[in-house]
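Trainee: Got a predicted structure here, sequence first:
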Amino acid sequence: MPYTPSKYWSDLHVRRDLSAVGQSGLNSAMNQQLYRIWARNLRRFLKRNGVQRIGPTAFEVGAGTGYWLPLWRELGAERIDGCDLVPSAVDDLNSRFGPSGGFIVLDLGDEKVGLDCYDFVACMDVLLHITDDAKFDRALANLARLVAPGGRLLMKEPILLREGFERPYNPELSSRARPLSRYRAGLEAEGLKLEAIGPATAIANNPIEGRSRLAYRAWRGTWGVVSLPSKIHPANARWVGAVLSAIDPALMALGAAPSGKFALFARPG
């Protein structure tokens, strides 16, 4: 069946846990372990690139279950607005976080979106699910327009550093990894500049590329082994997560980046 974003995500959000927005083939317990690793790696990425505070206003695109919102608050955001494609998710976000922000139903790939500008904009694993090229380009433009002068855009996306691993559009798939050049072209056309890019994880996510086809197959096999124990029993997620948490930094330090990336863009003040 063709991928229909509104139905696909509405069906997943019935779960009301991190498996609705993370690795849908894994249980909630394993997704919690993966998110902890990503959050730790994100803090290190931001610190390494001189981001100690993010400014008083923030906007998160595709806020989902709201996992990242407390981190934006921790980093200095006083007001956090956001959006999501799923009405029930937006209702839940407003009930939990409404006093300090507002959330709306929005498809970022629609025609020009008229919203305020923000000191900090986050887009965490959202653009990969806009598989249509025209909607992807509109989403990039709309995303860039959310960033105020002197503001920053943070993305966590399966950004390909090796363009040979890009796959053609398939109407049945719900995600699509694109090369860095596609992201840069759309965002730089709207006045943003790339400040930094780095691995979000080496091993705590499904791989999307490798240094070679052989390396890619090895990473795929490793991910299969890593994800299997928690599928056998959710209780295994705890020790698997501990092992991944210990190994992941060492692999990234060696230059391994076969999976998602963090990218930081800025609009000159």
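Mentor: Noted; the coordinates are in hand.
Trainee: Helices of the stretch 51-200 of the chain, start to end?
Mentor: Using DSSP state H, counting those that start in this stretch, the helices of the stretch 51-200 of the chain run over 69-74, 87-97, 133-145, 180-188.
Trainee: how about the CA coordinates for the first one, as PDB?
Mentor: Looking back up the chat, that one is helix 69-74. Extracted as PDB, the C-alpha positions of helix 69-74 are listed here (Å, rounded to 0.1, in the frame of the first residue of the first chain):
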ATOM      1  CA  LEU A  69      10.900  19.200  25.200                       C
ATOM      2  CA  PRO A  70      12.400  18.900  28.700                       C
ATOM      3  CA  LEU A  71      15.800  19.100  27.200                       C
ATOM      4  CA  TRP A  72      15.000  22.300  25.400                       C
ATOM      5  CA  ARG A  73      13.800  23.700  28.700                       C
ATOM      6  CA  GLU A  74      17.000  22.500  30.400                       C
END
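Trainee: So which elements touch it?
Mentor: helix 28-48, strand 57-61, strand 79-84 (3 or more C-beta pairs under 8 Å, 6 or more residues apart in numbering; DSSP states H and E). For glycine as for every other residue, the C-beta is placed from the backbone atoms N, C-alpha and C.
Trainee: What of the longest one?
Mentor: Counting by 3+ C-beta pairs under 8 Å, 6+ apart, the packing neighbours recorded for helix 133-145 are helix 180-188.
Trainee: what about D81, distance to G260?
Mentor: 24 Å (C-beta to C-beta, to the nearest Å).
Trainee: out of the two, which sits in the more crowded spot?
Mentor: A count of neighbours by other C-beta atoms under 10 Å puts G260 above the other of D81 and G260, at 25 against 22.
Trainee: ok, for the more buried one, nearest residue in space, not its chain neighbours?
Mentor: A200 (4.0 Å; C-beta to C-beta, 6 or more residues apart in numbering).
Trainee: quick revisit: right, so of the helices of the stretch 51-200 of the chain, which gets closest to L244?
Mentor: helix 69-74 (19.7 Å; C-beta to C-beta).
Trainee: Flag every buried residue along the closest one.
Mentor: 69, 72-73 (16 or more other C-beta atoms under 10 Å).
Trainee: now that helix, how far from the centre of its chain.
Mentor: Offset of helix 69-74 from its chain centre (C-alpha atoms, centre = their mean, to the nearest Å): 15 Å.
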